[in-house]
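J.: sequence-free structure coming up:
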């Protein structure tokens, strides 16, 4: 039986349109224009090497955004606020049955804070293991190694990780923990029965 559940955020617990797509459609800020940021300095924010507010500020004027960085980030996070409620409720049930539940996600610090506090994820998850405070991104083995350091008296075989990307699942299995690819809530519930009975 598993004692620890690790679950990804984007495209698993949170369903959202990529913000760069929304910027292109709703504000005329093309994907080509924003690509440099999202593939460049934003990646440093995800592993905690840069602060998102400072990293994105120099780009905003060039994108024609004149409402300030805080307004920009609020818009970003609000656009990505769509919780998979059925999955969230299933995780809540698991927590009530004694399973320790954690987010395991590639995120920068401001969005993690928004997810936990504004989206209320801290009502179910004991903690968010996020790349910005681990210093590594999935699928790095170091990502899972840093998480595992937090668990005393927990064996690798007592941990289960869910993600929507095959490379992350393979990395988790290589590290030695159970891992399942997320496809649907129905599949999640079905598979969780074998891990919790």
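T.: Done, it's in. Here the structure is a predicted model, which is why all the values come from computation and not from measurement.

J.: list of residues touching the lowest-mean-pLDDT helix or strand in the chain?
T.: Lowest by mean pLDDT, DSSP states H and E among the helices and strands of the chain is helix 19-27, with a mean of 91. Taking contacts as C-beta atoms under 8 Å, 6 or more residues apart in numbering, the residues outside helix 19-27 that touch it are 29, 30, 31, 34, 35, 38, 63, 64, 65, 76, 79, 80. The way it works is simple: take the backbone N, C-alpha and C, and place the C-beta from them, glycine included.

J.: going through these, which ones are buried?
T.: With neighbours counted using 16 or more other C-beta atoms under 10 Å, those contain these buried positions: 29, 34, 38, 63, 65, 76, 79, 80.

J.: which ones among those lie within helices?
T.: Taking DSSP state H as the definition of helices, the buried ones among the contacts of helix 19-27 contribute 34, 38, 76, 79.

J.: sorry, back to before: what is the nearest of the contacts of helix 19-27 to residue 117?
T.: Residue 117 lies nearest to residue 80 out of these, by C-beta to C-beta, at 14.7 Å.

J.: in which helix or strand would I find the spatially closest residue to that closest one that is not a sequence neighbour?
T.: Among residues not flanking residue 80 along the chain, residue 16 sits closest, at 3.9 Å (C-beta to C-beta, 6 or more residues apart in numbering). Under the assignment given by DSSP states H and E, residue 16 is not contained in any helix or strand.
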